[in-house]
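Student: I would like the atomic coordinates for the input below:
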Amino acid sequence: MKFKGNRITLSSVTKEDLGFLCELECNKDVWLFEEFVENDHNVVKSKYLEQMYSNTHVDFIMTIETDNEIKRIGLVQIWSYVAHRNSWELGFGILPEYQGYGYGYEAVKLLVDYVFKELEASKIVGMCNSLNQQSINLMEKLKMTREGTFKQELKWNNEWHDQHFYSILVSEWENLIN
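Tutor: Numbering: from 1, shown residues only. Below you'll find the model as predicted:
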């Protein structure tokens with residue numbers, strides 16, 4: 001599956017992407033605000049091989065074209081959050097040198113549109129460390145609502161930190177794009 005935006009393309013993860021996914025998933029600078037960053041490439045490969053055949057997890061590689069070269073720059077993904085409610089949780093990560101240029105926003109916007117239209121989701125949620133201002137900005141730019149804050153939810157840098165919980169409903173998304 002492939003989606004083309006203005007500056008980026010999203011493509012379903014394939015076996016050819018496993019090396020890039022290992023680089024991305026094991027990069028502590030990408031997952032700066034996460035509690036745990038995997039460092040075992042075999043674990044990452046196994047995880048994505050399993051997810052490729054899952055109907056509860058969808059992963060897309062984010063690419064850009066520069067000087068007639070296609071470059072992998074990140075990952076956007078969605079997984080079933082509460083199946084019987086048809087709600088999904090989104091995640092995203094971009095290599096540090098490509099952060100801050102709006103690629104993440106464009107990719108997540110394409111992903112959200114796909115999930116509401118094709119997967120017929122009723123709700124999409126996203127969570128982030130309360131110190132992760134880039135993720136906060138992205139979700140708020142998408143007009144996701146901060147539903148609440150889980151106090152001292154994350155053990156990060158050996159201290160407890162809050163986690164923000166965001167969501168957007170299909171009806172809210174439809175009003176935004178119409």
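
Student: okay, CA-based contacts and neighbour counts for the rest of this
Tutor: Fine.

Student: what does the longest helix along the chain rub up against?
Tutor: In the chain, assigned by DSSP state H, the helix with the most residues is helix 103-117. With Cα atoms under 8 Å, 6 or more residues apart in numbering as the test, helix 103-117 has contacts from 3, 5-10, 62, 76-78, 92-94, 121-124, 138, 141-142, 170.

Student: could you give the angle of the biggest strand by length in the chain to helix 103-117?
Tutor: Counting by DSSP state E, the longest strand found in the chain is strand 69-82. If you take axes from the mean of the first three to the mean of the last three Cα atoms, to 10 degrees, strand 69-82 sits at 50 degrees to helix 103-117.

Student: show me what the next helix or strand after strand 69-82 is packed against.
Tutor: Next helix or strand after strand 69-82 toward the C-terminus (DSSP states H and E): strand 87-94. When contacts are defined as 3 or more Cα pairs under 8 Å, 6 or more residues apart in numbering; DSSP states H and E, strand 87-94 packs onto strand 69-82, helix 103-117, strand 123-129.

Student: where in the protein is the helix or strand with the lowest mean pLDDT?
Tutor: One helix or strand of the chain scores below all others by mean pLDDT, DSSP states H and E: helix 170-177, with a mean of 90.

Student: buried sites along that helix?
Tutor: Across helix 170-177, burial judged by 16 or more other Cα atoms under 10 Å covers 170, 173.

Student: repeat for stretch 8-19
Tutor: 8-13, 18.

Student: follow-up on the earlier one: any chance of the helices and strands packed on strand 87-94 in TSV, with mean pLDDT too?
Tutor: TSV is the format used below for these (pLDDT from 0 to 100):
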stretch	mean pLDDT
strand 69-82	94
helix 103-117	95
strand 123-129	97
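
Student: packed most tightly, which of the ones you listed would that be?
Tutor: strand 123-129 (a mean of 22; mean count of other Cα atoms under 10 Å).

Student: distance from that one to the middle of the chain?
Tutor: On the basis of Cα atoms, centre = their mean, to the nearest Å, strand 123-129 sits 10 Å off its chain's mean C-alpha point.

Student: neighbouring contacts of it?
Tutor: Contacts with strand 123-129, where a contact means Cα under 8 Å, 6+ apart, come from 33-34, 81, 86-91, 112, 116, 135-136, 139, 154, 161-170.

Student: check the offset of the least confident helix or strand of the chain from the chain's centre.
Tutor: That offset, for helix 170-177, works out to 20 Å (Cα atoms, centre = their mean).

Student: need the contact partners of it.
Tutor: Contact with helix 170-177 is made by 116, 121-123, as judged by Cα under 8 Å, 6+ apart.

Student: what's the closest of these to K28?
Tutor: Checking the contacts of helix 170-177 against K28 with Cα to Cα, the nearest one is K123 at 29.6 Å.
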